[in-house]
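Novice: sequence unavailable; structure follows:
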């Protein structure tokens, strides 16, 4: 137990106008801060009811301190801390789904936002639609009042609002999914259609699902971080969140009855379509982040900053951006892509951000199709051979095999971890392992898995990883690209 007093709320909690599903570190470092700033500038009843879909951790961290917490912005020049007041309450859906549904049904709730990671959408990774074989989806279809999933809760809340003649809320996805608003809309409508076609038609006509692009690097908070803040501030904050100074939120301005916080006054960008911004971020940032995570971890680097401190890995990023990624990215309105990727490398190099390669490597089976495989497919269609991104895929394959370059076990956190490890272990040779993993249809679609050039490139890269290690493979790729 800390010797310091717990942080406490000093002002009244704002009236709830939003529900947020998934109150993890990113939400506290991003959505809640934008909303806090918007209310401070423009007012409005936009307090957030934060709802956890799994553990009670967020409730245990936030409730004892009145749902306020400290946000620490980290930069090479130092740290800046502020207390965020936007969260008005916390609930744990598995403990009381009825209370959550009752809150989501209130007319005062005008926006339901989500940061639940890719797997929280119950999305089939290849079809992009609702994964009806998911046991939790089946549970929610059969027992809607005790829904476990985000789609189940949203559809049941909307069904109750329709029954009560209450307008629907806007569903605002803030996860790294391609066209996240359209993807969420498809999943919700498919779920609703399974329950009641009339409900699906009502949601389709009246609800809104704007797409967004979100960007702020947010490392996991450690107990050491919490203790250090207590020593500096004189209070203990179990819900502390630390993040980089940079942030960007691009939002399609399509809300039910136009009702939303004035996020633009906190520097959010409202646009007609977020597609180009989303592609820019998913491929330029998320794609290289995942590449650095797998290859950097295998090379023995703990953080992204340590990884790009290796000149070969920094060159890897620049080569991927200029040769393989930017040619597939449309230029978003108001953006300079060359300046954007230059700024990305500076962000990666920030020594104050301890973003763990192991943390970024989580859930790769869900992330790879959006971040890397789509880019590779576009490259082949355009007649380019994206060998660097194929090296990234080979790095992921070696990582999910569960054994690092020194023979130590890797703690692979992924919904398909057992399937992937079994596929890798089913073959002795590098090419056999590649073929087995290419056969996992929840990750690789037919177009890529049947492409002989892609298969050969990944096999060659995997062989190089085995013979030269990740650092050697990266150095060889960079050298070859420089000579091309």
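Specialist: Thanks, I have it. Owing to the predicted nature of the structure, the values given are computational and were not obtained by experimental measurement.
Novice: from here on, contacts and neighbour counts on C-alpha atoms
Specialist: Noted.
Novice: contacting residues for residue 219?
Specialist: Shown in contact with residue 219 (CA atoms under 8 Å, 6 or more residues apart in numbering): 242, 243, 353, 354, 355, 356.
Novice: give the helix, strand or coil label for it.
Specialist: Judged by DSSP: H, G, I helix; E, B strand; the rest coil, the three-state class of residue 219 is coil.
Novice: need the pLDDT of it.
Specialist: Note on residue 219: pLDDT of 90.
Novice: make 200 the starting number, not 1.
Specialist: Will do, 200 is the new start, and the previous item becomes residue 418.
Novice: ranges for the strands of this structure?
Specialist: 215-220, 246-251, 268-274, 277-283, 286-291, 310-313, 369-372, 411-414, 440-443, 447-451, 468-470 (DSSP state E).
Novice: name the residues that touch the last one?
Specialist: With CA under 8 Å, 6+ apart as the test, strand 468-470 has contacts from 447, 448, 449, 450, 451, 452, 463.
Novice: mind putting those in CSV, neighbour count included?
Specialist: As requested, the contacts of strand 468-470 are exported to CSV (neighbours: other CA atoms under 10 Å):
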residue, neighbour count
447, 13
448, 21
449, 23
450, 25
451, 19
452, 19
463, 14
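Novice: I'd like those as CSV, with distance to residue 211 appended.
Specialist: Formatted as CSV, the contacts of strand 468-470 follow (distance: CA to CA, whole Å):
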residue, distance to residue 211
447, 29
448, 27
449, 30
450, 29
451, 31
452, 30
463, 24
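Novice: nearest to residue 234, of those?
Specialist: residue 463 (10.1 Å; CA to CA).
Novice: which residue packs closest to that closest one, ignoring adjacent ones?
Specialist: Nearest in space to residue 463, with sequence neighbours left out and distances taken as CA to CA, 6 or more residues apart in numbering, is residue 469 at 7.0 Å.
Novice: residue 315 too?
Specialist: residue 221 (5.0 Å).
Novice: the one you found and residue 250 touch, don't they?
Specialist: Yes - counting by CA atoms under 8 Å, residue 221 does reach residue 250; the two are 6.1 Å apart.
Novice: tell me, what's touching those two both at once?
Specialist: Common neighbours of residue 221 and residue 250 are not found (criterion: CA under 8 Å, 6+ apart).
Novice: next, the buried residues of stretch 658-668.
Specialist: 658, 659, 660, 661, 662, 663, 664, 668 (16 or more other CA atoms under 10 Å).
Novice: name the single longest helix found in this structure.
Specialist: helix 651-682 (DSSP state H).
Novice: against which helices or strands is it packed?
Specialist: The contact analysis (3 or more CA pairs under 8 Å, 6 or more residues apart in numbering; DSSP states H and E) places helix 651-682 against helix 486-497, helix 510-518, helix 586-599, helix 629-637.
Novice: ok, which of those comes nearest residue 326?
Specialist: helix 629-637 (16.6 Å).
Novice: which ones are touching the closest residue to residue 357 other than its chain neighbours?
Specialist: In this structure, residue 357 finds its nearest non-sequential neighbour in residue 367, 6.1 Å apart by CA to CA, 6+ apart. Residue 367 sits next to 309, 357, 360, 361, 402, 405, 406, 455 when contact means CA under 8 Å, 6+ apart.
Novice: isn't residue 357 right up against residue 302?
Specialist: No - contact status for residue 357 versus residue 302: not in contact, 11.6 Å apart, counting by CA under 8 Å.
Novice: compare these two (neighbour count), which wins?
Specialist: Using other CA atoms under 10 Å as the criterion, residue 357 and residue 302 rank with residue 357 on top: 25 against 18.
Novice: separation between that one and residue 407?
Specialist: 12 Å (CA to CA, to the nearest Å).
Novice: same deal with residue 257?
Specialist: Taking CA to CA, one finds residue 257 at 28 Å from residue 407.
Novice: in the stretch 500-649 of the chain, which segments are predicted with low confidence?
Specialist: By pLDDT under 70, the stretch 500-649 of the chain has no low-scoring segment.
Novice: which parts of it are helices?
Specialist: Secondary structure of the stretch 500-649 of the chain (DSSP state H, counting those that start in this stretch): helices at 503-508, 510-518, 536-547, 556-559, 563-567, 573-580, 586-599, 616-624, 629-637, 645-648.
Novice: buried stuff in the third one?
Specialist: What that stands for is helix 536-547. Those buried within helix 536-547 under the rule 16+ other CA under 10 Å are 536, 540, 543, 544, 546, 547.
Novice: by contact count, what packs against that helix?
Specialist: Counting by 3+ CA pairs under 8 Å, 6+ apart, helix 536-547 packs on helix 503-508, helix 510-518.
Novice: give me the contacts around the last one.
Specialist: In this case it means helix 510-518. 487, 491, 506-507, 540, 544, 587, 670, 673-674, 676-677, 680.
Novice: against residue 647, how distant is residue 233?
Specialist: 39 Å.
Novice: tell me which of those two has more neighbours.
Specialist: More neighbours surround residue 233 than the other of residue 233 and residue 647, with 25 against 17 (other CA under 10 Å).
Novice: look up how far residue 464 lies from the closest residue to residue 374 other than its chain neighbours.
Specialist: Nearest non-adjacent residue to residue 374, counting by CA to CA, 6+ apart: residue 314, 5.4 Å away. Per CA to CA, residue 314 is found 22 Å from residue 464.
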